[in-house]
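Chemist: After the sequence you'll find the predicted model.
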Amino acid sequence: MAATYRIKLLAKALDEAGVQSGVLCTRAIDRPGSPRNNAARGVDSGIWFEYTPGSSLRSTTFVGRRWSAARGFVVALRRLRTLRRQGRLDCVYVYGYASNWNFRSWALAHLTRLMRIPLVTDVVELPWGLKEKPSLVESRTSSLAPFSGAVSISEKLEIWAKGECSRTNKPYIGLRVPALVDTREFPATVPVLAELQVLLSIAPEYVESVRFVRKAMESVWLAHPDCRLVVTGIDRADPHSAPILAAGVLDGDPRVVVAGYLSRADLAAAYQRSFALLAPLFGDPRSEARFPTKIAEYLAAGRPVVTSKVGEIGRILRHGVTAMLAEPGDAESFAECIRSILADGELAARVASEGRSLAQREFD
């Protein structure tokens, strides 16, 4: 998940700067059958972590999920109180609070604040204050209310955070930290590519994005009929992938390969075996606000990135230089970008090299 990857890199950066840090994950986030971490607690790359629900695996029952959420909440509060009493806690960095209001996150943030622990939040997605249809609670509550500071992933979200602080008469304390990536995960030397393929790494809930890419590939296949579309992040054995599989957008053509969930090492290898890495975005408020971590990973892999010219993407990336940028929501424009990479080896090599250099400068 992009969230856990960003948190891990932020914690590593703090550790390298001499600030001791740890991670409390209050939700079980791994899908049954595809755990990314079998340990409920431990140390990874010098950073201690704990899944406060007692496991990283989501329960398969409604009652089990509710119990897991309640346990995660209570144990997290106990851990924070203990660390505070021991004099080992100076600040809590809260990830994902601003996107959607829910009582558990709201209560955890406010109870932590009652312990006189400074809170900082990471604004990486469209906050509820910018939603077209916020809930009743969201319309009457500031998503920055319990926090002393904010870290924004994009220019637009940083501007929003400053405006929100001004609107609620509180001082703005914050900075912009873009998408993060560890380029050391990706070898600088890309292997010789033996098979024509492009890759889409995506979560199961993005049905329309997969449908869009499939439509673009129909056009690509007219010029490159042997090109495969490899899709990662979707697993035919996982119930969470059932809706997208039921939609039929991945069936009916042997050139579409559903690769399932891959380890970090296998995913990096899959990136580097591909002629292009795909990340479609649309002209919606969410796409305008963010810079997906997935695109930073793509760039670091040293392969040409095909995405859409929207929001922060259009500000940071240059078409034909660091990436190929299609018009948002235009499947034919997206297909033309893919075809350009497949047809022009010099262009592909140049875009890949410049994209990796950008990732090293801006995101590493």
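Modeler: Thanks, I have the structure now. Numbering: from 1, shown residues only.
Chemist: where are the low-confidence patches of the chain?
Modeler: 1-3, 31-37, 191-192, 194 (pLDDT under 70).
Chemist: the strands in it, which residues?
Modeler: Using DSSP state E, the strands of the chain run over 22-25, 41-44, 47-51, 92-95, 119-123, 149-152, 174-176, 197-201, 228-232, 256-260, 276-279, 305-308, 324-326.
Chemist: now what about stretch 188-200, what contacts it?
Modeler: If you take Cβ atoms under 8 Å, 6 or more residues apart in numbering as the criterion, stretch 188-200 is touched by 210, 213, 217, 220, 224, 226-232, 257, 270-279, 302-303, 306, 338, 342, 352, 356. All C-beta atoms are positioned from the backbone trio N, CA, C, and that covers glycine.
Chemist: PyMOL command to pick out the buried ones of those residues?
Modeler: A single PyMOL command suffices to select whichever of those are buried according to 16 or more other Cβ atoms under 10 Å:
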select buried, resi 210+213+217+220+224+227+228+229+230+231+232+270+271+272+273+274+275+276+277+278+279+302+303+306+338+342+352+356
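Chemist: that older thread, wait, which of the strands of the chain is closest to Ala13?
Modeler: Among the strands of the chain, strand 47-51 comes nearest to Ala13, with 10.5 Å by Cβ to Cβ.
Chemist: who does that closest one touch, helix- and strand-wise?
Modeler: helix 2-16, strand 22-25, strand 41-44 (3 or more Cβ pairs under 8 Å, 6 or more residues apart in numbering; DSSP states H and E).
Chemist: The same query, at a cut-off of 10 Å, please.
Modeler: Secondary-structure packing of strand 47-51 (3 or more Cβ pairs under 10 Å, 6 or more residues apart in numbering; DSSP states H and E): helix 2-16, strand 22-25, strand 41-44, helix 62-85.
Chemist: what would these look like in a markdown table with distance to Arg167?
Modeler: Below are the helices and strands packed on strand 47-51 laid out as a markdown table (distance: least, Cβ to Cβ, whole Å):
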| stretch | distance to Arg167 |
| --- | --- |
| helix 2-16 | 27 |
| strand 22-25 | 31 |
| strand 41-44 | 39 |
| helix 62-85 | 29 |
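Chemist: can I get these in CSV with mean neighbour count?
Modeler: Shown next, in CSV, are those (neighbours: other Cβ atoms under 10 Å):
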stretch, mean neighbour count
helix 2-16, 17
strand 22-25, 18
strand 41-44, 12
helix 62-85, 15
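Chemist: Nearest to Glu297 among the ones you listed would be which one?
Modeler: Across those, Glu297 has its closest neighbour in helix 2-16 (8.0 Å, Cβ to Cβ).
Chemist: Keeping just the C-alphas, turn that closest one into CSV.
Modeler: C-alpha atoms of helix 2-16 as CSV (Å, rounded to 0.1, in the frame of the first residue of the first chain):
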residue,chain,number,x,y,z
ALA,A,2,1.2,3.5,-0.8
ALA,A,3,0.2,4.7,2.7
THR,A,4,2.4,2.1,4.5
TYR,A,5,5.3,2.8,2.1
ARG,A,6,5.2,6.5,2.7
ILE,A,7,5.0,6.1,6.5
LYS,A,8,8.0,3.7,6.4
LEU,A,9,10.1,6.2,4.4
LEU,A,10,9.1,9.1,6.6
ALA,A,11,10.1,7.0,9.7
LYS,A,12,13.4,6.1,8.1
ALA,A,13,14.2,9.7,7.3
LEU,A,14,13.5,10.7,10.9
ASP,A,15,15.7,7.9,12.1
GLU,A,16,18.6,9.0,9.8
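Chemist: closest one to Thr168 among the strands of the chain?
Modeler: Judging the strands of the chain by Cβ to Cβ, what sits closest to Thr168 is strand 149-152, at 12.1 Å.
Chemist: Please work out which residues outside that closest one touch it.
Modeler: For strand 149-152, contacts defined as Cβ atoms under 10 Å, 6 or more residues apart in numbering pick out 10, 91, 93, 95, 98, 118-124, 127, 143-144, 157-162, 164-165, 171-178, 289-290.
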